[in-house]
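> quick one, structure for this:
(2 chains)
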Amino acid sequence: QTVTISGVVTDGATADPLPGVSVVLKGTSTGTSTDFDGNYQIEANMGDVLIFSYIGFERIEITVTSTNHNVSLNEDLQRLDEVVVIGYGTTTVKDATGSVASITAEEFNQGNIVTPENLLNGRVAGVSINTGGEPGSGSTIRIRGGSSLGASNDPLIVIDGLPIDNVSIGGSRSILSTINPNEIESFSVLKDASATAIYGSRASNGVIIISTKKGKRELSVDLNMSIGSSVVPNTLDVFSADEYRQLVSNERPDLVPLLGNAKTRWQDEIYRSALTSNQNLSIQGSLLKKVPARLSIGRTLQDGLRLTSEFERNSGSLSLNPNMFNDHLKVSLNVNGSFEKNRFAPGEEGNAIRFDPTQPVYDEKSPFGGYFQYTNINDDGVLDENDLVGLAPFNPVANLLQRNDISEVKRFYGNLKLDYSFHFLPELSAVVNLGYDEQRAEGDVKVSNLNPLTQNDGSIVGSESNYTNYQKNVLLDGYLRYDKDGDRFDFDLTTGYSFQKFDSNQYTSGELLDDGADTAPVLNIDPDLVLIGLFARTNISWADKYLLTLSYRRDGTSRFSEDNRWGNFPAAAFAWQISDEFFPEARGLSTLKLRLGWGITGQQDIGRANSALFRSRYVQGLPASQYQFGGVNYPVGIPSFRNENIKWEETVAYNAGIDFGFAEDRITGSIDAFYKESKDLLANADISDGSNFSNSGFQNIGNFTSQGIEFAIGGDVVESAENDGFNWVLNYNATYIETEIQELALDQDQLVGDIGGGVGNTIQINRVGYTPYSFYVYRQVYNAQGNPIEGAYADLNGDNIINNDDRYIFKNGAPDITMGLLSNMGYKSFDLTFSLRASLGNYVYNNVNSAGAQLNLIQNNSVLSNLPVTVTDTNFTNTPDVILSDYYMENASFLKVDNISLGYTFDDVLNSRSTLRLFSSVQNVLTITNYSGLDPEVFDNGIDNTIYPRARTILLGANLRF
Amino acid sequence: CTGELDVLPEDPDTFLVEDFYTTPESYLQGLAGVYGNLSLTGAEGPDNSNISGLDAGTSQYGRGLWNTQELTTDEVLWSWENDPGTRELNRNIWSADNVILRGLFGRAMTQVAFSNEYLRQTSDDVLDSRGVDAGTKDAIVTYRAEVRFLRALAYYHMMDLFGKAGFITEEDPIGAFQSPEYNRAELFAFIESELMAIIPDLIAPMENDYGRVDKSGAWMLLAKLYLNAEVFIGENRYAGCIQYCEQIIGAGYELAPNYLHVFMADNHQGSARNEIIFPVLSDGVVTQNYGPTTLMINGQVGSVEQNGGDFGVGSGGWGGALRVTRQFSELMLNGTYDTDDRNTLIIGDRPIDLIPVNNNGTGYVIGKWSNINSDGSPASATEIVDTDFPMFRLADVYLMYAEAQLRGGGGSLATAVGYFNELRTRANNPNTISSSDLTLDLILEERLVELHWEGHRRQDLIRFNNYTSSYNWSWKGNAPNGIPISESRKLFPIPNASLSANPNLTQNEGY
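Predicted structure coming up:
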């Protein structure tokens, strides 16, 4: 007897109603789906079986026994059904054809995470993230090593469909520092061209798609708080005051009179232990009982290790996700505001390393605010340059405390997405996404008049200037999607248009305490950057076993001339579910999928300064760059470097991968091999002299390849049957990457890699046949005892002259292999997490030693100067004789324990749904390395010229949910 | 709406070419751009450069000339040998990868490119199409002649230093055009014919705005061409040298009564102005650059003496960057120049030899240059100096005349001796000479005394065949007391980067 069955379908975890759940009478094509409130109604007979299915949730079958069946669906923890956000749409891990990694909240890194990208540092094979030690510091992010030589190697970052500017606004710490990590629901990392090519022009370096948290119906409140203390893990080993006295009397007895009486550890003086705190509150629920909404506010305070350094972020976000017209129109509105405040501390590391340890920090007789300074007071009534010891360094502590360099950055960003499925043809939907991102930074830099800083005319009056920077980016995407699920044949097609425009300008006041013409304000307005794309993608699958994706994008950029501005970026990918084909019922090897991908992506990002190289531009001299005719000043007018033929750099990428799963996918993993070839590389290269308005400029100059293998595996090592038994989840990934320059126009070498010690000195080279940024050094000669002989280099070309022609290529700063490991353990109410990262085969040029560990440097003009103690290993005396020696190359492989976190969760705190988790974590726990410098993880392709130390932070926190 | 892709500059200091040349003033700004390239490294201050491959300040035109003409000789050494390229110049062991050579090659050829562009933008057709008025067009005739002078000057430097250049004019395209190579003889002929052609359009001597070249600048360049013609093209052209020296001297230039005033912060005015024929300007505020005068004044400050205050710069200067060789010191101390204003040696407790090179307390320093005004008042800033670089000045003309006279170019020996003695007298040196005393060797010595650190020495030593073999100085050939070097070092190598960017160029012998 046919009856009407009704009920509500809810999310087993949150008890939220689930709209859109498919309810099908088993064995028939009869079915319906739940409405917005999760209600369904279906005609069936007693004893029939109903199938409830919903993407991302476990499918449930129930036998009809009454007219009312409320069903709760549990999230499918089998990651293969996980929804993965990709460009202009979503897919599932199971259906993905490209190399895409999805990291959701539960896999995020824990601990003191200040900027969003650190949630996934070490988590994804092929993605390296290198973050500085400053509070709120930005990161160098590389996906598969980047693919460019002179253009940007930064991945495209897309937040809720809005690609953001990869240039940080001046005054902000980084492009992502204004974004609260707590707002992030998931990351998708698109690695291979078949996945990224839909973003065409900006996809060569991979894409990171960030999805923010969205509103839900059920009321819940989430409160996160943490507080922590950061310390400097270690400082560079220099001579102590007593050791230094000994050194001076041994090496330079003539300088003994210059020694002071104090014992100062300057590196300790410029650092402090710093506080960090974090509060986040989010509320979600239905607004007006109709609109799923989420409101959240967050506040992060982080003091830097360097005296005075501060970062503060206040953010708020609102997300509304109503569905209308019987779910035909899905609206998603995300509005985010953030207010970042900074105080920047100048880099005094080098100064602190060198400052004479026998001099005091304070000197009560000093006219400079009570800080010790090297003076030569001439009692002429004014304190000016003539009262200072020439070329003597300034007290690093005073430089920090007497400088107030502050900024405020306001950022407003968000998007409105309308997704309408047509009433007459539900398979067809139209999507419009409008994005907006505006940032304004104001900064003010003051140096006290008690600091010995001198103006251009030699006066000491302090310094003052301010700046205002502005950056805006607007996006309009519109696309149509047709999605037809057949019996065995599924097909979808997405096609659309994308418009994006970037605006930016910078104003600086110049020195306000000097009224000279050269300190007049300067306003710089960058040319707008406009990018227009037309794209289409289709996914075709047969019997869920054979999956084919084809995509195509045509992109235009305002950077290139009309003849060169359009680029075409096709891609194709094929996947084959081998396990479904041959052993669908196997439980041991539960998943085996082969993926093959190919695609072409483009690159045009050569920096704002190079936005219009194809035009005939003249630049007018600033007030400091004028020429005088008969005493009258004329700002010079000079033509700028011009390249009318500049065009797209293109990267062709191939990817082959296997996804596997064992034991009913308790353990899953993947292996990917990739090969990328970038051609028509955009790089600043030498140009035939006299033919242009420089000796070099951006040109399409060569080819570059990278290849690598990525491996990831993860799963439940121990899975307890009971809810509160012992569970252990491990995730591990490893990446091997090799890059090589295949061709440079006319075989021109490029000298790169600026170092300290000598004005304009470089240590690296780009040369055909080698990895970019390979070190270019002299070969050190050693004596019979194995000690380096000062100034003795091998005469590699045998011409009896040791000059530039004897330099050779030795290693590079890129690691051969990187690895990441994340462990999550749970037992009863305890959870324990730790994460590790390793890097193997990365070499560092120790510029701190090469430019600082020579005995002649004891004398710094008329004052004394400290040295790294490594000088006693070599007893080298003269910097120019040794600075380019391969002696200073070091293998800087490392293993880092990034974080250990321990938590305890109390249930039923306020009511039956509430939980309280208390946790403690240590960040930057341990580094194991043979590298002799401060930290083997350096920037600038492996050149270590002092870094802002990375803090070790101990954190205590609480997370309350109800 | 793909039209949105046509984006135009919005920056207040950036213009499309058609928006730049809109006023009579703009043609002077364009002219200032070409002149400015002698002094400025870019449009955005002294740390900005439109030449890459080396430090911005080091890419300055005059500094490149100074480095190549001075560091490679017996006059001076650069102490900070970890500054790329300097060690190789100090010790005459440079390679074709030397960044200073690359920078100068690029800078001089970019001057050719700037000149060509100015000539393109001021052709009659272009001016007519813009409706430029007759008065402006008249002025532009002179500007164009001056720009052609600057281009000839750049080719002259290329010919002297590298012995060749890619030859490119306003007729050639902008971009990556690979120009044909001109050898010394071809460049010589071009420079000579250009100068002859523009002289009628140049303003009469001493009548142009200070900073702009006049007829005497072109005459001077011709005189230098002819004085060195035996080196450049193997021909005796001394008569031409005499002719143009005479024209310059006859034009009314006068030696400044005080030798040192020529090298002070206000040398753009007063008596120095009457001696300087063609300056490269510098100003601590409006023409900021790290060129030769800023380099010399900060560089001559002794690391021991901390005497920057005496020269109007920071007391430490650049930490003792410049010191003179033993041979330089010995000449100054040979008895002839004891009271001579041109002998500014500072000795103190310093040893005369620069051994080891890196000890800035060895070797003597000097105090010829200053960033203080002749009345003792301070200049506008204390690092970047106001002192202009006298590229051409009358004292040089006097000694060129004397040399060309001795080498058989005509003129009068008595006049030559008179000029020679005038220089000594002006410097308060009582040791005047008679006709029989005047020898070529004495002229070479006197050129060092009178013109040291002014960017002439390498050319002089080569012209006198003293550069590579017969005469040694501290650290020549990388030996503490100097050793002979290969003949091939009379020319610098074509930088590897330039060679590969323009395969029409050929490398000089020996590199």
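> residues from the stretch 301-450 of chain B in reach of chain A?
By C-beta under 8 Å from any C-beta of the partner chain, the part of the stretch 301-450 of chain B that sits against chain A consists of B:301, B:303, B:306, B:308-309, B:314-317, B:319-320, B:356, B:358-359, B:378, B:380-384. Glycine gets a C-beta too; all of them are placed from N, C-alpha and C.
> list the buried ones in the top helix by length along chain B?
Determined from DSSP state H, the single longest helix within chain B is helix B:134-161. Judged by neighbour count using 16 or more other C-beta atoms under 10 Å in any protein chain shown, the buried positions of helix B:134-161 are B:136, B:140, B:142-161.
> after it, next one along is what?
strand B:164-166 (DSSP states H and E).
> can you tell me the strand partners of that next one and which way each runs?
strand B:181-183 (antiparallel) (DSSP bridges).
> could you list the buried residues of the strand it pairs with?
B:E181, B:Y182.
> other residues contacting that strand?
For strand B:181-183, the external contacting residues (C-beta atoms under 8 Å, 6 or more residues apart in numbering or on different chains) are B:G163, B:K164, B:A165, B:G166, B:F167, B:F190, B:N504, B:L505, B:T506.
> what about A:G347, neighbour count?
A:G347: 17 surrounding residues under other C-beta atoms under 10 Å in any protein chain shown.
> how near is it to chain B?
18 Å (C-beta to the nearest C-beta, to the nearest Å).
> in contact with that residue, which residues?
A:T946, A:Y948.
> quick one: pLDDT of it?
pLDDT recorded at A:G347 is 93.
> that one in helix, strand or coil?
coil (DSSP: H, G, I helix; E, B strand; the rest coil).
> shaky segments in the stretch 1-150 of chain B?
B:1-2 (pLDDT under 70).
> what about the residue of chain A found nearest chain B, neighbour count?
Per C-beta to the nearest C-beta, A:G390 is where chain A lies closest to chain B, at 2.3 Å. Around A:G390 there are 25 other residues, counting by other C-beta under 10 Å.
> does A:L746 touch B:N504 like I think?
No: with contacts defined as C-beta atoms under 8 Å, A:L746 does not count as touching B:N504, sitting 11.6 Å away.
> who has more neighbours, the two?
A:L746 (19 against 12).
> surely the more buried one forms part of a strand?
No: read with three-state DSSP, A:L746 is helix and lies in no strand.
> tell me the pLDDT of it.
76.
> which residues in the stretch 751-900 of chain A form strands?
Counting by DSSP state E, counting those that start in this stretch, the stretch 751-900 of chain A has strands at residues A:762-766, A:774-777, A:780-782, A:788-793, A:808-812, A:817-827, A:830-840, A:843-846, A:859-860, A:863-864, A:889-891, A:894-907.
> which bits of the stretch 451-600 of chain A sit near chain B?
A:454, A:456-458, A:499, A:501, A:505, A:516-518, A:523-530, A:532, A:556-558, A:562, A:565.
> apply 10 Å and report the result again.
A:454-459, A:476, A:497, A:499, A:501, A:503, A:505, A:514, A:516-519, A:522-532, A:534, A:556-562, A:565-566 (C-beta under 10 Å from any C-beta of the partner chain).
> ditto for the stretch 651-800 of chain A
Checking the stretch 651-800 of chain A against chain B by C-beta under 10 Å from any C-beta, the hits are A:684-697, A:699, A:744-751, A:754-762, A:765, A:776, A:797, A:799-800.
> what bits of the chain have low per-residue confidence?
Chain wasn't specified; assuming chain A. In chain A, residues with pLDDT under 70: A:55-56, A:75-81, A:721-723.
> hmm, I had chain B in mind actually
For chain B (pLDDT under 70), the answer is B:1-2.
> B:L127 reaches B:Y143, doesn't it?
No: in this structure, B:L127 is not within contact of B:Y143 by C-beta atoms under 10 Å, at 11.2 Å.
> can you list residues touching both of the two?
B:Y27, B:T136 (C-beta atoms under 10 Å, 6 or more residues apart in numbering or on different chains).
> tell me which other helices or strands the longest strand anywhere in chain A touches.
Longest strand of chain A, by residue count under DSSP state E: strand A:463-485. Helices and strands touching strand A:463-485, by 3 or more C-beta pairs under 10 Å, 6 or more residues apart in numbering or on different chains; DSSP states H and E, are strand A:89-92, strand A:162-163, strand A:403-421, strand A:428-447, strand A:489-508, strand A:522-525, strand A:529-542.
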